[in-house]
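>>> Below are the sequence and a predicted model; questions follow.
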Amino acid sequence: MTEFFFFLFAAMAILSAIFMVTQANPVASVVYLVVTFFALSGLFVILDAHFIAAVQVIIYAGAIMVLFLFVIMLLNLGSGVPADIRRGLARVLAGSVALALIVVLTRLVLGDPGTEALDPSALASVLESEGAVRALAEPLFNRYLVAFEVTSILLLVAVIGAVVLARRRAP
């Protein structure tokens, strides 16, 4: 089942990244970038990097994308471009994402017999012996360093894209 969700989130990330680059409407591009961030956070959950997944959603998809959206709306970059969010392909994508979320939530509510429960005493002993910062930093800078750096490169590309879009309107 883990492989299914891996391929589902990977396909979502790749497709939404492609849609983000190919959209004419900058607001739609930001929305697809948020979908990409959510798919990446799903991949982090599959890798058992729950903290990184939460940071991905809270910081990248929450704060930074809202900032991009406000800058795009402030510069009025979306005017004169037909709305492409309501097209058929976007509806199919939204429906498949909703169906995937329903499946995931149903499995969480009903319980997954293949997953092991987190032992609170083991977690407490690790936190007590290593400390919370080390327990979080060790996997972040060892096991998940490449994924974390790829995410930062994706954010850098998004910033450069926003600057290019903003400069296009300047004299």
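In hand now; what should we look at? Residues are numbered from 1 along each chain as shown.
>>> rest of the way, CA atoms for contacts and neighbours
Noted.
>>> now the helices for this protein?
Under the criterion DSSP state H, the chain contains helices at 2-22, 26-46, 50-55, 65-75, 88-110, 120-130, 132-141, 145-169.
>>> Please identify the most buried of the ones you listed.
Most buried of these by mean neighbour count (mean count of other CA atoms under 10 Å) is helix 26-46; its value is a mean of 23.
>>> For the residue nearest to Leu127 when sequence neighbours are not counted, report the pLDDT, please.
Nearest residue to Leu127, sequence neighbours excluded (CA to CA, 6 or more residues apart in numbering): Ala135, at 6.6 Å. Looking at Ala135, its pLDDT stands at 74.
>>> so Ala135 touches Glu128, yeah?
No: Ala135 is not in contact with Glu128 according to CA atoms under 8 Å; the separation is 9.7 Å.
>>> lowest confidence element among the helices and strands of this structure?
The helix or strand of the chain with the poorest confidence is helix 65-75; it has a mean of 70 (mean pLDDT, DSSP states H and E).
>>> show me the contacts for the residue nearest the centre of the chain.
The residue lying closest to the centre of the chain (CA atoms, centre = their mean) is Phe37, at 1.6 Å. Counting by CA atoms under 8 Å, 6 or more residues apart in numbering, Phe37 touches 13, 56-57, 60-61.
>>> same check, this time on Val71
Contacts of Val71 by CA under 8 Å, 6+ apart: none found.
>>> can you tell me how far it sits from Val30?
Computed as CA to CA, to the nearest Å, the Val71 to Val30 distance reads 11 Å.
>>> how many other residues sit next to Met1?
Met1: 7 surrounding residues under other CA atoms under 10 Å.
>>> what pLDDT does it get?
At Met1, pLDDT is 81.
>>> ok, it to Leu8 distance?
11 Å.
>>> again with Leu47
Where Leu8 is concerned, Leu47 sits at a distance of 14 Å (CA to CA).
>>> Equivalent analysis for Ile64, please.
For Ile64 relative to Leu8 (CA to CA), the value is 25 Å.
>>> again with Arg134
32 Å.
>>> Equivalent analysis for Val150, please.
19 Å.
>>> now swap in Ala162 and tell me
From Ala162 to Leu8 the distance is 28 Å (CA to CA).
>>> and what of Ile102?
Separation of Ile102 from Leu8 (CA to CA): 14 Å.
>>> got it, and Leu93?
In terms of CA to CA, Leu93 sits 12 Å off from Leu8.
>>> Nearest residue to Phe148 in space, please, no chain neighbours.
In space, and not counting its chain neighbours, Phe148 is closest to Leu140: 7.5 Å by CA to CA, 6+ apart.
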